[in-house]
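>>> Make a model of this:
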Amino acid sequence: MSRSEIRALSYRVSILPPRQLVAIVEIVQRYEKDFLDYEKDDIELDFDKLKQSTLRAIDAFIRKKSSDVIDVAAKKQANAQDAEESAAVNGEVLEPYRPSEGQDSSDDDDW
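Reported below is the predicted structural model:
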């Protein structure tokens, strides 16, 4: 990996949620035998010192997680489009809720 790719990877790791950071530590432990014992609350990874194989494994993990998130978002969007198409076939018109004039939009008494 080039220096810029390593910097980008480091950034992507820094924004991961905590449960995925645990997986990153496990990947590093698998590939970097010197990193076996970590008992600290804060772990600092020097990406410049990691092996290329470790960096590639971390990158693959992040790409997989990113594609999982994209897949979920795509499914939600497809479901929403299906609902709209179904409503259109049935002659229904789906419009967002708009409060009438003089009605406070935060007023949910009618619901």
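>>> Is the closest residue to residue 43 other than its chain neighbours in a helix, a strand, or coil?
Distances taken as C-beta to C-beta, 6 or more residues apart in numbering place residue 25 nearest to residue 43, at 6.2 Å, with adjacent residues excluded. C-beta coordinates here come from the backbone N, C-alpha and C atoms, glycine included. Assigned by DSSP: H, G, I helix; E, B strand; the rest coil, the conformation of residue 25 is helix.
>>> can you pull out the strands in the chain?
According to DSSP state E, the chain carries no segments that qualify as strands.
>>> got the buried residues for stretch 56-70?
Of the residues in stretch 56-70, those scored as buried under the neighbour-count criterion (16 or more other C-beta atoms under 10 Å) are 57, 58, 59, 61, 62.
>>> didn't residue 57 look like it was pressed against residue 29?
No: taking contacts as C-beta atoms under 8 Å, residue 57 lies outside contact range of residue 29: 11.1 Å.
>>> Averaged pLDDT, stretch 9-22. What do you get?
Stretch 9-22 shows a mean pLDDT of 87 in the predicted model.
>>> what's the answer for stretch 34-52, then?
Stretch 34-52 shows a mean pLDDT of 77.
>>> Make CSV out of the buried residues of stretch 56-70 and add distance to residue 51 and pLDDT.
What follows is the buried residues of stretch 56-70, written out as CSV (distance: C-beta to C-beta, whole Å; pLDDT from 0 to 100):
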residue, distance to residue 51, pLDDT
57, 9, 96
58, 11, 95
59, 13, 93
61, 15, 93
62, 17, 89
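>>> From residue 60, how far out is the residue nearest to residue 56 when sequence neighbours are not counted?
Once flanking residues are discounted, residue 56 sits nearest to residue 1: 7.2 Å by C-beta to C-beta, 6+ apart. Residue 1 sits at a distance of 12 Å from residue 60 (criterion: C-beta to C-beta, to the nearest Å).
>>> ok, which stretches of this structure are helices?
Remark: helices assigned in the chain by DSSP state H are 3-14, 18-31, 52-89.
>>> Quick check: buried residues in the first one?
Of the residues in helix 3-14, those scored as buried under the neighbour-count criterion (16+ other C-beta under 10 Å) are 6, 9, 10, 13.
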